[in-house]
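Peer 1: Everything below, folded, please.
(2 chains, ligands or ions: 2)
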Amino acid sequence: MLRVRLHGRGGQGIKTASQILGSAAFLAGHQAQDFPLYGAERRGAPIVAFARIDDAPILERGPIAIPDLLLIGDDTLLEDPQVAPACGADEWTTIFINTEQEALKLKDRLSLPGLPVVCSLGPLTRKHLGDPRILSVSLAAAGGRLSGRVSLDHLNEAIDIELGALGLDRQTLKKNQDLAAEVFAALSPAVFEERQEKPLVAGQLKVLEQQEVAQAAPLITATGNMQERKTGNWRVQHPVIDYGECNNCLICYARCPEGVIAADAEGKPVIDYDHCKGCLICAQECPRHAIRTLWERESHEQR
Amino acid sequence: MNNGKRRMLTGNKAAAWGARRAGIEYVPAFPITPQTEIVETLAQWFADGSLKGRFTNMDSEHSMFMAAGAAAATGVRVFTASSSQGILYGLESLYTVTGWRVPFVMVNVSRALATPITLEPDHNDVMSTRDCGLVQLHAETCQEVLDFVLMGYKIAEHSQVSLPVLVNMDGFVLSFSREPVLIPDEKEARQFLPSFEPAQPVFNATAPLARASAVFGGGTYMYFRIQQDLAARHAETVFNETAKEFGERFGRFYEPVERFQTDDADLVFVMSNSFATKGKAAVQKLRRQGIKAGLLKISLFRPFPAEAVASALMGREKVAVIDQNLSPGVGGITYPEIVTALYGRPGAPKKILSVIGGLGGKDIRENEFMTVVDKLNDPEEKGPVYLYDEKDWAQFQALAKIARAEKGGP
Ligand code: SF4
Ligand code: SF4
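Peer 2: Ligands and ions are numbered 1, 2, ... in the order given. Next comes the predicted model:
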């Protein structure tokens, strides 16, 4: 079985990529399964999706802990400890990263188990679709090609089915298929070895004793602990205050729906980037247009 | 001991008196037939000052149960009541507040569920709350209604239970029937049931507190669910302790199950709620006819007292579980629970028959108990047996004729 795990952000088409991959495998006559995982977050928040491809019936469900093929669509997630996209990857895992960074440097910096396949999908995607951030087709094409299990024809048919269902017109579907063809040509199939089956081993169960109701009821008595839930990784864009323009009116402070802009000792607004979700309301509201917005990747490089 | 007063009370009034003697402080209310008399009585007592606290008319049972849970979470003693469609409408809130692990007592006045709609009793309404984590006490008499409300608070508020308690009575048959009920003396009642001492932090203005939040990943969710199960299971021990103390103080002793002439019985009817009285009368008549019958009444329905059920039924030859409820496609809802309690035990009955009767206010007539005996003795009878006869059929036919009559032309 080939187990594929895809990482990206809500809005990039990661779930659709997994579905194109699943459909392509299905059309190629394989057994296939695809499945996204996301909670109550929104656009920009990290999401993960999965696909399984096999020739025997697939008797697995749910998340994939140890992937054979890992497709990381957004390199700003690489060093996010809450996402840890490479977790579970081992020496048998083919890791694909959509990035401009060098494979060897990434391997060393992130202690990856093997040299990743790197390719910058942004320029290709921009060329065909005009927007470098929509990864549904380019990541599916990269995954399909690396898997060695689907042909370009299957991929194109899957694009028709999955993106057609989203209401895309013929012309746009064609652009997506051209993009798929180019990604397909840029990569070659990886080699996958079947993993050794490990025998089932019974574990120890944790026997719970009845606890006092103060422990046993779902109570939260500690205050101020939202600090520990860092929501900064939901961002795709990033507000930056230009203090040369800012007159400390603090309208941004009042308008931020997350309450993550504070006034410092001198009355200057300061953004808490660990929790700023990147809604950019502050930038809209600033009467002096003193808040610029940067794409997350640009700001990563700046910081 | 027993300085109380005996009075003719309906089941509804008995429930209200139980709440009054428990010193309730808050009642969120929404009326529904046949429960209305309970909340009307309490409203009157709050209005005339016999009860101190607050009575609030809510917009629905959904908000009512939520308000009951929220008020209990502030540390006040809460009472509420509902029935039938109201229970269904509030079911989401019932699951929610049992998860909060807050104690209060609610009375359900059993009434069958639509469709077709009716006002008359059966137990599908209370069975719908079977899995939501309430401790459940099912009453046979008006006295039991009052006593179970008082005992209910003691069980609910016990630090190792901390769950809401539901006391069930049959609509009409009990809710509107008057019979002599001993109302305990106020002082004695308060000695038995002192003020509510919450076993966990309560809402107050100066100490922020969240009582429930979203959890993901299963490990946290399942921890709380297992704790709910352990607490609910422990409620059986607490029921027994409470019943003992109650018995010593008031002279009325209760057990999770009541064995009525089961010890030497060849065949046993398993029943609950008010029709158990009819079952007991039938047992006596059958015995006079030379049939060694007995009756097992389930008083504590949640947690399910499997050991007590098994020890009462082991060694008996035949058992008929009479369910006044129906899970379409399965049959009686308590039947599998009784069978499970006996599974694999030496001396388990050779035949356990599922019998369904008394739905939607249909009577269980005394002859029908003899019919059940026949079915128990018929080796071909596998059940479920519907207690439905020619008279019932004729009643339906009479109405069907009207409902489906072809109108002649003008
Ligand atoms: S709204 Fe603009 S000008 Fe006012 S404090 Fe914020 S950044 Fe400065
Ligand atoms: S983008 Fe601005 S308004 Fe939105 S959360 Fe961040 S700081 Fe607050």
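Peer 1: Beta-bridge partners for B:Lys318, please?
Peer 2: Residues in a beta bridge with B:Lys318, per DSSP bridges, are B:Leu267, B:Lys351.
Peer 1: my bad, A:Arg3
Peer 2: A:Arg52.
Peer 1: do you know how far it is from B:Leu376?
Peer 2: Distance, A:Arg3 to B:Leu376, using C-beta to C-beta, to the nearest Å: 57 Å. To be clear about C-beta, it is placed using only N, CA and C from the backbone, and glycine gets the same treatment.
Peer 1: Could you chop the chain up by domain?
Peer 2: Since you didn't name a chain, this refers to chain A. A:2-186, A:232-302 (automatic domain parsing).
Peer 1: Correction: the question concerned chain B.
Peer 2: Annotated domains of chain B cover B:5-250, B:257-394 [automatic domain parsing].
Peer 1: To A:Leu59, which of the ones you listed lies closest?
Peer 2: domain B:5-250 (20.7 Å; C-beta to C-beta).
Peer 1: Now the terminal residues of the closest one, how far apart.
Peer 2: 12 Å (C-alpha to C-alpha, to the nearest Å).
Peer 1: Quick one: distance of that domain to the chain centre.
Peer 2: 11 Å (C-alpha atoms, centre = their mean, to the nearest Å).
Peer 1: mean confidence score for that domain?
Peer 2: Here domain B:5-250 scores 96 as its mean pLDDT.
Peer 1: in chain A, which helix has the most residues?
Peer 2: If you go by DSSP state H, chain A has its longest helix at helix A:170-186.
Peer 1: need the domains of chain A in JSON lines with mean neighbour count, can you?
Peer 2: Formatted as JSON lines, these follow (neighbours: other C-beta atoms under 10 Å in any protein chain shown):
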{"stretch": "domain A:2-186", "mean neighbour count": "19"}
{"stretch": "domain A:232-302", "mean neighbour count": "16"}
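Peer 1: Stretch B:101-120 vs chain A: in contact?
Peer 2: Yes: residues of stretch B:101-120 contacting chain A under C-beta under 8 Å from any C-beta of the partner chain: B:Arg101.
Peer 1: Next, the buried residues of that stretch.
Peer 2: By neighbour count on 16 or more other C-beta atoms under 10 Å in any protein chain shown, the buried set for stretch B:101-120 is B:101-113, B:118, B:120.
Peer 1: Quick one: residues contacting the residue in the stretch 1-150 of chain A positioned nearest to ligand 1.
Peer 2: Here the residue of the stretch 1-150 of chain A nearest ligand 1 is A:Gly44; by C-beta to the nearest ligand atom that distance is 21.5 Å. Under the criterion of C-beta atoms under 8 Å, 6 or more residues apart in numbering or on different chains, the neighbours of A:Gly44 are A:9-11, A:234-236, A:277-278.
Peer 1: Return the subset of these lying in strands.
Peer 2: A:Arg9 (DSSP state E).
Peer 1: Tell me which two in the contacts of A:Gly44 are the farthest apart.
Peer 2: Top of the distance list for the contacts of A:Gly44 (C-beta to C-beta): A:Gly11 and A:Lys277, 12.9 Å.
Peer 1: Could you report the neighbour count for the residue of chain B found nearest ligand 1?
Peer 2: Among the residues of chain B, B:Pro208 lies closest to ligand 1, at 29.0 Å counting by C-beta to the nearest ligand atom. B:Pro208: 12 surrounding residues under other C-beta atoms under 10 Å in any protein chain shown.
Peer 1: do you know how far it is from A:Leu219?
Peer 2: Distance, B:Pro208 to A:Leu219, by C-beta to C-beta: 11 Å.
Peer 1: Ok, which of the domains of chain A comes nearest B:Leu387?
Peer 2: Closest approach to B:Leu387 among these is made by domain A:2-186 (45.0 Å; C-beta to C-beta).
Peer 1: related to what we said a few turns ago, mean neighbour count, the domains of chain B: which tops it?
Peer 2: Mean neighbour count (mean count of other C-beta atoms under 10 Å in any protein chain shown) peaks for domain B:5-250 among the domains of chain B, with a mean of 20.
Peer 1: For A:Arg187, which non-adjacent residue is closest in space?
Peer 2: Quick fix: residue A:187 reads Leu, not Arg. Excluding its sequence neighbours, the residue lying closest to A:Leu187 (C-beta to C-beta, 6 or more residues apart in numbering or on different chains) is A:Arg145, at 4.5 Å.
Peer 1: hmm, I was thinking of B:Thr334
Peer 2: B:Asp323 (5.5 Å).
Peer 1: Quick one, grab the pLDDT at the one you found.
Peer 2: pLDDT recorded at B:Asp323 is 98.
Peer 1: what's the distance between whichever residue of the stretch 251-400 of chain B sits closest to ligand 2 and A:Glu285?
Peer 2: Going by C-beta to the nearest ligand atom, ligand 2 is nearest to B:Arg302 of the stretch 251-400 of chain B, at 46.8 Å. Using C-beta to C-beta, B:Arg302 is found at 54 Å from A:Glu285.
Peer 1: Same check on B:Gln160?
Peer 2: Distance, B:Gln160 to A:Glu285, using C-beta to C-beta: 53 Å.
Peer 1: do the same with B:Ala312
Peer 2: Taking C-beta to C-beta, one finds B:Ala312 at 72 Å from A:Glu285.
Peer 1: Backbone dihedrals for residue 93, both of them.
Peer 2: Picked chain A for this. Reported as degrees, to the nearest 10, the phi and psi values for A:Thr93 are phi -90, psi 130.
Peer 1: Not quite, go with chain B.
Peer 2: Note on B:Ser93: its backbone torsions stand at phi -70, psi -30 [degrees, to the nearest 10].
Peer 1: Next up, the contacts around the residue of the stretch 51-200 of chain B found nearest ligand 2.
Peer 2: At 30.7 Å from ligand 2, B:Thr96 is the closest residue in the stretch 51-200 of chain B, using C-beta to the nearest ligand atom. The contact partners of B:Thr96, taken as C-beta under 8 Å, 6+ apart, are B:65-66, B:69, B:212.
Peer 1: do the same with A:Gly148
Peer 2: Contact analysis of A:Gly148 by C-beta under 8 Å, 6+ apart lists A:189-190, A:192.
Peer 1: Which of the residues you listed fall within helices?
Peer 2: For the contacts of A:Gly148, not one is inside helices, with DSSP H as the criterion.
Peer 1: out of those residues, which are buried?
Peer 2: For those, a burial check counting by 16+ other C-beta under 10 Å picks out A:190, A:192.
Peer 1: can you tell me which of the contacts of A:Gly148 lies nearest to ligand 2?
Peer 2: Closest approach between the contacts of A:Gly148 and ligand 2, by C-beta to the nearest ligand atom: A:Ala190, at 39.3 Å.
Peer 1: Any idea what the closest residue to that closest one other than its chain neighbours is bridged to?
Peer 2: Nearest residue to A:Ala190, sequence neighbours excluded (C-beta to C-beta, 6+ apart): A:Thr94, at 4.1 Å. According to DSSP bridges, the partner residues bridging A:Thr94 are A:Leu69.
Peer 1: Which pLDDT value belongs to A:Thr94?
Peer 2: Listed pLDDT for A:Thr94 reads 98.
Peer 1: Show me what the helix or strand harbouring B:Arg7 packs onto, helices and strands only.
Peer 2: Counting by DSSP states H and E, the element that carries B:Arg7 is strand B:5-10. Here strand B:5-10 touches helix B:142-157, strand B:178-183, going by 3 or more C-beta pairs under 8 Å, 6 or more residues apart in numbering or on different chains; DSSP states H and E.
Peer 1: Which stretch among these approaches chain A most closely?
Peer 2: Closest to chain A of these, according to C-beta to the nearest C-beta: helix B:142-157, at 10.5 Å.
Peer 1: A:Gly144 is in contact with A:Ile53, correct?
Peer 2: No: taking contacts as C-beta atoms under 8 Å, A:Ile53 lies outside contact range of A:Gly144: 9.7 Å.
Peer 1: Now do the strands in the stretch 151-300 of chain A.
Peer 2: Under the criterion DSSP state E, counting those that start in this stretch, the stretch 151-300 of chain A carries strands at the ranges A:237-241, A:261-263, A:269-271, A:291-295.
Peer 1: Adding distance to B:Asn12, write the helices and strands packed on strand B:5-10 out as JSON lines.
Peer 2: Formatted as JSON lines, these follow (distance: least, C-beta to C-beta, whole Å):
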{"stretch": "helix B:142-157", "distance to B:Asn12": "8"}
{"stretch": "strand B:178-183", "distance to B:Asn12": "10"}
